[in-house]
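Novice: Below: sequence and its predicted model.
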Amino acid sequence: MNIYVLMKRTFDTEEKIIIEDGRIDDEGAEYIINPYDEYAIEEAIQLRDEHDGEVTVVTIGGEDAEKQLRTALAMGADKAVLINTEEDVEESDQYTTVKVLEAFFDDKDADIILAGNVAIDQASGQVGPRLAERLDIPYVTTITNLEIDGETAHIERDVEGDVEKVDAPVPLLVTCQQGLNEPRYPSLPGIMKAKKKPLEELELDDLDLDEDDVEAKTKTIEVFLPPEKEAGRILEGEIDDQVKELVDLLSNDAKVI
């Protein structure tokens, strides 16, 4: 089974993020594997172990993304591919990403492609479905369970707090949600093995693409942090007094009633 995982390098939202001139300061940001992509990597490894085959993790970006690819290899992936667009692409969006990935998969025989449900930096959730449309294969989003039986995938997906069961033919693309599995931590032997696993680096020329082919269709005007919220207040005293004070605050201070 040929299994591919789409991985994105994202900044760690649990660490302090510094915004300068409407952009995230890369020097001050901590970068990680997009957390939802970790579920995809883990599920790919489990599928490989159950059905045999090979897991290839693919990412688009600069050379800094090699660190996250090596982490994926240390988790248990077999191969990694970095499509380096650092020198060729100044601005990118979901269109750019899908255009590059479409060219990459043009000559690939993929049985299943896994991706994270969303990326925590932009949270568009568009790349997986748009790629599946371009590759003309079925896709199922926000999956929480996956079983492959021959040429059929039995899937459970999250739908607003409930579960929907779907059967889909292979090949297909799925996007992975929290609850699908528990991503493993790279072990020391895994980290050592990852250093010797193949990591291929490609550029746009290798995919017969140029800058005009992948020009972004959208433009980011500004990135900014939300305004700091005022500290909350705890009302004290008898219940009747608290109710009166609350009504007064909502009416005169917040002006919402």
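Specialist: On my side now, so go ahead. Numbering: from 1, shown residues only.
Novice: And the nearest residue to residue 151 once chain neighbours are set aside, how far from residue 176?
Specialist: Once flanking residues are discounted, residue 151 sits nearest to residue 170: 5.3 Å by C-beta to C-beta, 6 or more residues apart in numbering. (C-beta placed from N, C-alpha, C; glycine too.) In this view, residue 170 and residue 176 are 16 Å apart by C-beta to C-beta, to the nearest Å.
Novice: neighbours of residue 18, just the number please.
Specialist: Residues contacting residue 18 under the criterion other C-beta atoms under 10 Å number 12.
Novice: meant to ask about residue 218
Specialist: 12.
Novice: Would you agree it is in contact with residue 95?
Specialist: Yes. With contacts counted by C-beta atoms under 8 Å, residue 218 reaches residue 95, the gap being 7.5 Å.
Novice: mind checking the SS state of residue 191?
Specialist: Per DSSP: H, G, I helix; E, B strand; the rest coil, the local secondary structure of residue 191 is helix.
Novice: Also the one 10 residues further on?
Specialist: Under three-state DSSP, residue 201 falls in the strand class.
Novice: Ok, residue 130 next?
Specialist: Residue 130 - assigned by three-state DSSP - is helix.
Novice: 54 is where my numbering starts, stick with that
Specialist: Fine by me, first position is 54 from now on; the one you just mentioned is residue 183.
Novice: For residue 257, see how far away it is.
Specialist: With distances taken as C-beta to C-beta, residue 183 is found 19 Å from residue 257.
Novice: likewise residue 68?
Specialist: The span separating residue 68 from residue 257 equals 31 Å under the rule C-beta to C-beta.
Novice: And the two? Which one has more around it.
Specialist: When neighbours are counted by other C-beta under 10 Å, residue 68 and residue 257 differ, and residue 257 comes out ahead with 20 against 11.
Novice: in the protein, which strand has the most residues?
Specialist: Across the chain, the strand with the greatest residue count (assigned by DSSP state E) is strand 192-202.
Novice: Just the mean pLDDT for that strand, thanks.
Specialist: Mean per-residue pLDDT for strand 192-202: 95.
Novice: More neighbours: residue 223 and residue 229, which one.
Specialist: Per other C-beta under 10 Å, whichever of residue 223 and residue 229 has more neighbours is residue 229, with 28 against 16.
Novice: Would you check that my belief about the more buried one contacting residue 93 is correct?
Specialist: Yes. Residue 229 sits in contact with residue 93 when judged by C-beta under 8 Å, with a separation of 4.4 Å.
Novice: Doesn't residue 90 lie inside a helix?
Specialist: Yes. If the criterion is three-state DSSP, then residue 90 is within a helix.
Novice: Could you give the backbone dihedrals for the spatially closest residue to it that is not a sequence neighbour?
Specialist: What sits nearest to residue 90 in space, not counting adjacent residues and going by C-beta to C-beta, 6+ apart, is residue 169, at 4.0 Å. Recorded main-chain torsions at residue 169 are phi -70, psi 150, according to degrees, to the nearest 10.
Novice: burial of residue 169, as a residue count?
Specialist: 27.
Novice: Please name the bridge partners of it.
Specialist: As for beta bridges, residue 169 partners with residue 229 under DSSP bridges.
Novice: Next up, the contacts around it.
Specialist: By C-beta atoms under 8 Å, 6 or more residues apart in numbering, the residues touching residue 169 are 59-61, 87-93, 228-229.
Novice: picking up where we left off before, overlap in contacts of residue 229 and residue 93?
Specialist: The contact sets of residue 229 and residue 93 overlap at 167-169 (C-beta under 8 Å, 6+ apart).
Novice: Need these in a markdown table (columns: distance to residue 205 and pLDDT).
Specialist: Shown next, in a markdown table, are the shared contacts of residue 229 and residue 93 (distance: C-beta to C-beta, whole Å; pLDDT from 0 to 100):
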| residue | distance to residue 205 | pLDDT |
| --- | --- | --- |
| 167 | 17 | 98 |
| 168 | 20 | 97 |
| 169 | 24 | 95 |
